[in-house]
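> What follows is a predicted protein model with its sequence.
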Amino acid sequence: RLGLKSAYVGNVGNDQNGKDCVNAFKAENVYTKFIKIHKDKKTNYHYVLWFKDERTILIKHEEFAYELPHIGSPKWIYLSSLGENSLSFHQEIENYLKFHPETNLAFQPGTFQMKFGQEKLAGIYKMTKVFICNLQEAQRILATKEDKPLELMRMISWLGPKITVITDGTKGAYAYDGNDAWFMPPYPDPKPPFERTGAGDAFSSTFVAGLAMGKSIEEALMMAPINSMSVVQKIGAQAGLLTLPELEKYLQQAPGDYRPRII
C-alpha cells in the first residue's frame, strides 16, 4: 500500500484458507508466484484472543518443507515468523545473503525464531541490516533483565545488525545505528485504540519500507508510528494500513513535537 514492488515467499495448503491468503495478496498487488501450495497440508491458522484493546495470539504453524525459490536480487528481504522446523531454512537464507551482498535483510523475529536463541541464528543476526522487536522480546532474545532500551539496542547491535529498533508500546520506539540513538514518540491517537493486533508489524514494516524508499532513519521513524496508530483503530492487522498519500497527510498534520529526538 506504500507503493513498493513486493513479493511474498511462503507456504499455504490447498484449502480455502490458502486460497483466501493468495487472493488477499493479489488484491494488494503483491507478487504471488513464490508461494508454494501444498496439496496435503493445511494453511497456518492462528487464533486471536481479544479483550478490550489488548490481544493474545495463539500460534500454530504447520510443518512445511521450507525452501528458498529463485527470487533474483531484491533490494530487501523482510524475514519474520516461521515455524519451529525452520532452522535449516535460516541457514539457506544466510547462504543466499552471502552471495547477494546487494540485498538488505530486515529481521523481525517471530515466536520460534526468538525461541531458537541468538546462537543458533548467529549468522542471520550478522547479516541483518535492520533488526526490530519490542522491549520484552529483546529481553527474551538476550536472556537479560536489562530494561533500558538504549542498552538493549547496543547489546543486539553487538550480534551484528547495522540498525536496531526497539518498540515499547504506547511509550514510543527507539532506534540505534551503532553511533547515534533516537527516541520516537507515538503518533497521537485520534480516538482510543479499538484493537491492537498488528500494531508492531505495522510499525516495523513501515519503518523498513521508509528505508527502502531511500528515507533516513529519522524520516522512517516518523512514518512508522502513523501506520501503528491507524491499525489499532480497526479490527485485525490489515484494515487500518494506509496508502502513502494517506500517511503523508498525517505527517503534514503532525503536532510540532512529533519528531525523533537524539538520546
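Here it is on my side, so go on. Numbering: from 1, shown residues only.

> alpha carbons only for contacts and neighbour counts from here, please
Will do.

> Report pLDDT for the closest residue to Ser81 other than its chain neighbours.
With sequence-adjacent residues excluded and distances taken as CA to CA, 6 or more residues apart in numbering, Ser81 is closest to Gly110, at 4.0 Å. Model confidence at Gly110, given as pLDDT, is 95.

> before we move on, what about the one 4 residues further on?
In this model, Met114 is scored at 96, pLDDT.

> Let me know how buried it is, in neighbour terms.
17 (other CA atoms under 10 Å).

> what about the residue nearest to Ser81, distance to Arg259?
As judged by CA to CA, to the nearest Å, Gly110 and Arg259 stand 29 Å apart.

> Also Gln16?
Applying CA to CA to Gln16 and Arg259 gives a distance of 44 Å.

> and Ile57, which of the three is it?
strand (DSSP: H, G, I helix; E, B strand; the rest coil).

> wait, it sits on Phe51?
No - if you go by CA atoms under 8 Å, Ile57 and Phe51 don't touch, sitting 11.6 Å apart.

> okay, Gln16 and Arg259: which has more neighbours?
Arg259 (18 against 12).

> In which helix or strand does that one reside?
Arg259 belongs to no helix or strand when elements are defined using DSSP states H and E.

> all helices of the stretch 51-200 of the chain, in order?
87-99, 111-120, 122-127, 135-142, 149-157, 199-212 (DSSP state H, counting those that start in this stretch).

> which of those helices sits most buried?
helix 199-212 (a mean of 23; mean count of other CA atoms under 10 Å).

> Dump the helix or strand following it to PDB, keeping only the CA atoms.
Following helix 199-212 in sequence order, the next helix or strand is helix 217-231 (DSSP H and E). Provided in PDB are the C-alpha atoms of helix 217-231 (Å, rounded to 0.1, in the frame of the first residue of the first chain):
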ATOM      1  CA  ILE A 217      16.400   6.700   9.800                       C
ATOM      2  CA  GLU A 218      14.700   9.800  11.300                       C
ATOM      3  CA  GLU A 219      12.300  10.100   8.400                       C
ATOM      4  CA  ALA A 220      11.400   6.400   8.600                       C
ATOM      5  CA  LEU A 221      10.900   6.700  12.300                       C
ATOM      6  CA  MET A 222       8.300   9.500  11.700                       C
ATOM      7  CA  MET A 223       6.400   7.300   9.200                       C
ATOM      8  CA  ALA A 224       6.200   4.100  11.200                       C
ATOM      9  CA  PRO A 225       4.100   5.200  14.200                       C
ATOM     10  CA  ILE A 226       1.400   6.600  11.900                       C
ATOM     11  CA  ASN A 227       0.500   3.200  10.500                       C
ATOM     12  CA  SER A 228       0.500   1.700  14.000                       C
ATOM     13  CA  MET A 229      -1.900   4.500  15.100                       C
ATOM     14  CA  SER A 230      -4.100   3.700  12.200                       C
ATOM     15  CA  VAL A 231      -4.100  -0.100  12.500                       C
END
